[in-house]
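Undergrad: sequence unknown, structure follows:
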Ligand SMILES: Cc1ncc(C[n+]2csc(CCOP(=O)(O)OP(=O)(O)O)c2C)c(N)n1
Ligand SMILES: Cc1ncc(C[n+]2csc(CCOP(=O)(O)OP(=O)(O)O)c2C)c(N)n1
Ligand SMILES: [Mg+2]
Ligand SMILES: [Mg+2]
């Protein structure tokens, strides 16, 4: 990886201005701390249901979404906290949703797996594996239908590429030349099943070949490379037709809370931790001349942000009983 | 095509003995006449429901199934009459099923789309597009589980390759290295939709690349080439893992009865009719030294066979009313 | 009043709404070049073009899924499922997504989607192609499920469905397309979730919908010959389910039967019966009888298939039993 | 008698049947290396090996489809659906194939398949992961649908299901795995399609099944404090549906309620009510009441979710209403 890393480092110096570099660092740290805090709150029984942490994959959401324009849509699966942050959702609103509060982005009705804020063009957070891929195709179709230049970024896991939805959605996106970036987060496992045990091909990228769809692979632990690869991919999509980008990454925590993790060795996890996307990036930044002091300031800002978010969430009201019956149907314009 | 044809002709002379050559001719003509007669009976109101004719595709079923061994299973979609014949089902039993008689292979309960005879290792005849592909995977799994050397031949149309079932079944067959031959009959259309209008890739074969699955294409109008390609493919499957073979063919009649056929020109149909699989094969045989007299004898035999089958079907009894309630559940061994 | 076939009524509704609102588009198998398997969208492709009349691959899950997504993004897709039997291939999109997306995200967006699905038996299509599983979809909160029995209602309900801000499953019956009926000139809009008395009568109440409305009407004519006047209440919508007119009727007739084409157990009739007893227990002189399909996978053989499907005689027999 | 948890009972049933018949194998997501999402198959992978305990890709349609095919070919697959909510992704294989293949081909082959599916709400998993749609599967002829409420029945019914020559959908409840109960030593086989009185009583009949059996039992204990003795009939199987014991009970108590976890409209209770009225109309002193889930997609928020689900108090209230 070291060369790639060096290239990245060079890019850092040449292409990105300092504020953006720092913003990316801030965002990745925010995601990490938010997830760690969420884990505590889950243990404390304040968060229920499933909780799928994004720890280890921060560079994918931060890198990819940092180059989307406001009109570009983002949709992902249930491992959605990091994506929500990258789309601009505040830690407060996220924490409130995790705690099931009325102030949450989905009024406490969606929970961890169903974060969304359509004003930020973030369309969720979807719990049925692969089911959001057709939704993404449909949103891209709507943009195409309206002759908008918006692109839909559809994120999904390696495991999701084995379900029928993936096939039907990718095929349709090619036949209709939909403006969509298929962004696979290959974190090596679908729950406890290693990619090779569930997928005919170890490189998810290769599946695009069956549709004659342009595709690529990128180091998902390197935020700058993800950013650059996404920028290039979005360019291609805008100039016509879908693209599949596979980001190689790793999930440091269990699939959800209470995962026995019988399927992998601690050695393997340790090995990947040497590539910690935040650690790597921090080194880049320092080498790129950003002071450790500056980064530490960001880290303490994040700490404050998180505590504020937790307080906000805990102080927020529960949804009222009437909320059980609301939001199911839209008012009919009569 | 002409070179390919010549190769085939050579093969005819070198590799196949005359009885088998003639048997194949007989079978293809039998399929053709059976379908033509079925069309009449449909017009006469004696056959109901849907009727999907195999006319034009005879070389695929006859060529491919001519090299399967008794233990090899065959399963296909609703366009199944030709496959039934090639599997050894008698015209009588087929006609009886088409007429919904008790003497039909499925007791008149299945109809045209549900021909099957498990004693012939022919497992249907399935009406939901793509749904039989998982069934095929399961049967192949059963043979693998039992350490049998049987192979399952799963036939399906070009249109079926765009549905999720295709993806899930092909992927699973690779992951589990199932003994299965995926045989696509690319007859250029799924109902009225041309392959290019529904599939991201014009060559169905290419979809196998997305699974790293070995694959090939063959002229589906040439029974000898189909036979040879299938023989080779079955060899590969037996020595481990699935194979996808695409046979290029054409349906001369409408999708089912009463197809307005707005989606193709009569010129196009005429062009393909020049490649009539039976016409081509007849020429080969004559060139190969089989007398026209011999072939005409076969043709008249077929005519007799068909009339006998129709008579048998018409004279056969309807299922009794009790049959409405039977066959739903197997007796429980108590 | 002009007389139209069901096919013409449905076709008109689609045409008028597409002319009225260019966010409305159609997607499905063979809806374009072919003109619709049941010729409902014949001529649409040439008039509205390939962007608004979209032939899809054979892939029901992405047909409904893409329609869901397009609806989320503000369009008004009309997804056609060639037959309702194929809705089972899109089941997750229909019941887990169309029905739930809005509530699950706290009402952040609407899902104004219509799913047209053709159901019903009687055409010798075999067990997988002949189902009337309407009740299965009607069980899910978040969906509206409509199944008209007349051209007038078909046109009025489909137009309302297309204008609805919410997901509507619109169930047509494969053997009703030739059925003729009066349809008023001009704008025809029928409310979703309101049942309708299609025939007045004082002796017995027949609660039914879709194809079985026609069967019940025919039965009522024969019963009238014998001086028995049946009142026929057409549910029209299974979700929301409106039993007001049925209950009002039963309080007069004190006798009722429910007629549906689908299977008896866990069918539409069960819910209708349960509600009738809950709300009109003291008015009933005898138990409500259910007429429904024999509980078997429908066979191809015509005689057996007809045996399994509810016939006019079955309705007449049931009526006489409750009298 | 030994006391087992539901998890242990189900695990034992699977283990014993796999030991007994090597045609039996398990396939599904995370059934092997992980040991089952609910730890039901923990230890199976090491003992029976990867051929008989097969981890699959995330692809429900081919999980059930391959199980159908393997069953056609003479094996006895036990396909596990991680949750019943994902059964909608395999809906076509379940209702159009498992249920119909045998009849459609005139009984040429059997489909001895078990589909284990985990259902139920109450774990804050949100609208798509918290459903109890049992009735939807029970509607289809050709399937057997079983849903035990005690460890004893879970073990006995699952063993019978695995030995059955026919497709059985075996529905477990995600919040019952820790529920303890007595299970006899040795061979335990319970018949499919036979309901069971789980608590005797003369004042009112409660018809229920699965998780709601436990809820109803708790309600009955409290009612007993007030001198109200409820008889509880556990359906155990939704298809075939056996109302014999319930009707016998109602003829004594003249009062009944039906308790289910799923949504009210077109639910299990509707069919049960309809049959009770059809067969015990004259014995009823008041309408049968239905206790069921509020008709909403279940929200994540715990308070709202619990509001929507039937609680002990709801059962008590309903009982008092019919008394
Ligand atoms: C259709 C469906 N099947 C099964 C599940 C249960 N499930 C939730 S996440 C998951 C693994 C998905 O793996 P992957 O796509 O790689 O995403 P990751 O969790 O690794 O981010 C499974 C099997 C589900 N939610 N939906
Ligand atoms: C799941 C499903 N969707 C739609 C249909 C209706 N249908 C029957 S055949 C067919 C076309 C299939 O085309 P192809 O796979 O190429 O087979 P061919 O008819 O050309 O032999 C369609 C759309 C169906 N039977 N099943
Ligand atoms: Mg993964
Ligand atoms: Mg075709």
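TA: That came in fine, so what should we check first? Note that this is a predicted model, so its numbers are computed, not measured. Ligands and ions are numbered 1, 2, ... in the order given.
Undergrad: Measure how buried the residue in the stretch 201-323 of chain C positioned nearest to chain B is and give me the count.
TA: Using C-beta to the nearest C-beta, the closest approach of the stretch 201-323 of chain C to chain B is made by residue C:300 at 3.1 Å. Where you see a C-beta, it was placed from the backbone N, CA and C, and this is true even at glycine. Residue C:300: 31 surrounding residues under other C-beta atoms under 10 Å in any protein chain shown.
Undergrad: which one is it nearest to, not counting chain neighbours?
TA: residue B:111 (3.1 Å; C-beta to C-beta, 6 or more residues apart in numbering or on different chains).
Undergrad: which stretches of the chain form helices?
TA: The chain I'm using is chain A. Secondary structure of chain A (DSSP state H): helices located at A:2-15, A:18-43, A:58-65, A:81-86, A:91-98, A:132-145, A:164-175, A:195-198, A:223-238, A:266-273, A:277-287, A:292-315.
Undergrad: that's the other chain; I wanted chain C
TA: Under DSSP H, chain C gives helices at C:6-20, C:44-48, C:60-72, C:91, C:101-104, C:134-138, C:151-163, C:211-225, C:244-253, C:268-280, C:302-308, C:312-322.
Undergrad: Which residue or residues pair with the residue of chain A found nearest ligand 1 through a beta bridge?
TA: Among the residues of chain A, residue A:157 lies closest to ligand 1, at 2.3 Å counting by C-beta to the nearest ligand atom. Judged by DSSP bridges, the bridge partners of residue A:157 are residue A:185.
Undergrad: tell me the contacts of it?
TA: Contact analysis of residue A:157 by C-beta atoms under 8 Å, 6 or more residues apart in numbering or on different chains lists A:77, A:79, A:129, A:184, A:185, A:186, A:187, A:190.
Undergrad: before we move on, what about residue C:127?
TA: B:109, C:297, C:298, C:299, D:96, D:100, D:103, D:104.
Undergrad: Would you mind listing what in chain A touches chain B?
TA: A:162-168, A:170-171, A:174-175, A:197-201, A:206-213 (C-beta under 8 Å from any C-beta of the partner chain).
Undergrad: And for chain C?
TA: Selection of chain C residues close to chain B by C-beta under 8 Å from any C-beta yields C:29-30, C:33-35, C:37, C:55-61, C:85-86, C:89, C:123-129, C:294, C:296-297, C:299-304, C:307-308.
Undergrad: hmm, back to that, would CSV of the contacts of residue C:127 with neighbour count and distance to ligand 3 be doable?
TA: Listed next are those as CSV, based on neighbours: other C-beta atoms under 10 Å in any protein chain shown; distance: C-beta to the ion, whole Å:
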residue, neighbour count, distance to ligand 3
B:109, 31, 45
C:297, 25, 39
C:298, 30, 43
C:299, 30, 46
D:96, 26, 31
D:100, 27, 35
D:103, 26, 41
D:104, 32, 39
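Undergrad: From these, which land in strands?
TA: Judged by DSSP state E, strands contain none of the contacts of residue C:127.
Undergrad: Now stretch A:289-304: average pLDDT?
TA: Taken as a whole, stretch A:289-304 has a mean pLDDT of 97.
Undergrad: Dihedrals phi and psi, the closest residue to ligand 4 within the stretch 201-323 of chain C?
TA: Nearest residue of the stretch 201-323 of chain C to ligand 4 (C-beta to the ion) works out as residue C:300 at 22.9 Å. With angles defined as degrees, to the nearest 10, residue C:300 sits at phi -70, psi -40.
Undergrad: got it, and residue C:142?
TA: Residue C:142 has phi and psi values of phi 100, psi -20 when expressed as degrees, to the nearest 10.
Undergrad: so who does the nearest residue to it once chain neighbours are set aside touch?
TA: Counting by C-beta to C-beta, 6+ apart, residue C:99 is the residue found nearest to residue C:142 once chain neighbours are left out, at 3.3 Å. Contacts for residue C:99 (C-beta under 8 Å, 6+ apart) come out as C:140, C:141, C:142, C:143, C:167, D:297.
Undergrad: gap between the last one and residue B:88?
TA: According to C-beta to C-beta, to the nearest Å, residue D:297 and residue B:88 sit 53 Å apart.
Undergrad: How about the second one?
TA: With distances defined as C-beta to C-beta, the gap from residue C:141 to residue B:88 amounts to 52 Å.
Undergrad: how many neighbours does residue A:269 have?
TA: Residue A:269, neighbours per other C-beta under 10 Å, totals 15.
Undergrad: how close does the nearest residue to it once chain neighbours are set aside sit to residue A:112?
TA: Closest residue to residue A:269 apart from its sequence neighbours, by C-beta to C-beta, 6+ apart: residue A:252 at 6.5 Å. Note on residue A:252: its distance to residue A:112, by C-beta to C-beta, is 17 Å.
Undergrad: Kindly report the same for residue A:325.
TA: Distance, residue A:325 to residue A:112, by C-beta to C-beta: 23 Å.
Undergrad: Now the stretch 151-300 of chain C against ligand 1: closest residue?
TA: Closest point on the stretch 151-300 of chain C to ligand 1, by C-beta to the nearest ligand atom, is residue C:167, at 20.2 Å.
Undergrad: whoops, I mixed them up, chain C
TA: Residue nearest to ligand 1 within chain C: residue C:92 (7.2 Å; C-beta to the nearest ligand atom).
Undergrad: before we move on, the earlier item: more crowded one of residue C:141 and residue B:88?
TA: Shown here are residue C:141 and residue B:88; by other C-beta under 10 Å, residue C:141 has more neighbours (23 against 14).
Undergrad: so what's the more buried one up against?
TA: Here residue C:141 is in contact with A:328, C:99, D:263, D:295, D:296, D:297 (criterion: C-beta under 8 Å, 6+ apart).
Undergrad: contacting residues for the residue most central in space within chain A?
TA: Nearest to the mean C-alpha position of chain A, by C-alpha atoms, centre = their mean, lies residue A:83 at 3.4 Å. Shown in contact with residue A:83 (C-beta under 8 Å, 6+ apart): A:54, A:61, A:65, A:74, A:76, A:115, A:122, A:125, A:155.
Undergrad: nearest residue to the last one other than its sequence neighbours?
TA: Spatially, and ignoring its direct neighbours in sequence, residue A:155 is nearest to residue A:76 (4.0 Å; C-beta to C-beta, 6+ apart).
Undergrad: right, and that neighbour touches residue A:127 too?
TA: No - judged on C-beta atoms under 8 Å, residue A:76 makes no contact with residue A:127 at a distance of 11.1 Å.
Undergrad: Of those two, which one has the most company?
TA: residue A:76 (30 against 27).
Undergrad: how close does the more buried one sit to ligand 3?
TA: Per C-beta to the ion, to the nearest Å, residue A:76 is found 12 Å from ligand 3.
Undergrad: same thing with residue C:295?
TA: From residue C:295 across to ligand 3, the span is 43 Å (C-beta to the ion).
Undergrad: so who does the residue of chain C found nearest ligand 3 touch?
TA: Residue nearest to ligand 3 within chain C: residue C:92 (19.9 Å; C-beta to the ion). The neighbourhood of residue C:92, defined by C-beta under 8 Å, 6+ apart, consists of A:128, A:131, C:61, D:86, D:88, D:89, D:91.
Undergrad: For those residues, which single residue is the most surrounded?
TA: Neighbour max across the contacts of residue C:92 (other C-beta under 10 Å) = residue D:89, 32 neighbours.
Undergrad: Neighbours of the nearest residue to that one once chain neighbours are set aside, how many?
TA: In this structure, residue D:89 finds its nearest non-sequential neighbour in residue D:60, 4.0 Å apart by C-beta to C-beta, 6+ apart. By other C-beta under 10 Å, the residues close to residue D:60 number 30.
Undergrad: I figured residue D:60 hits residue D:86, correct?
TA: Yes - the pair residue D:60 / residue D:86 is scored as a contact, 4.9 Å apart, by C-beta under 8 Å.
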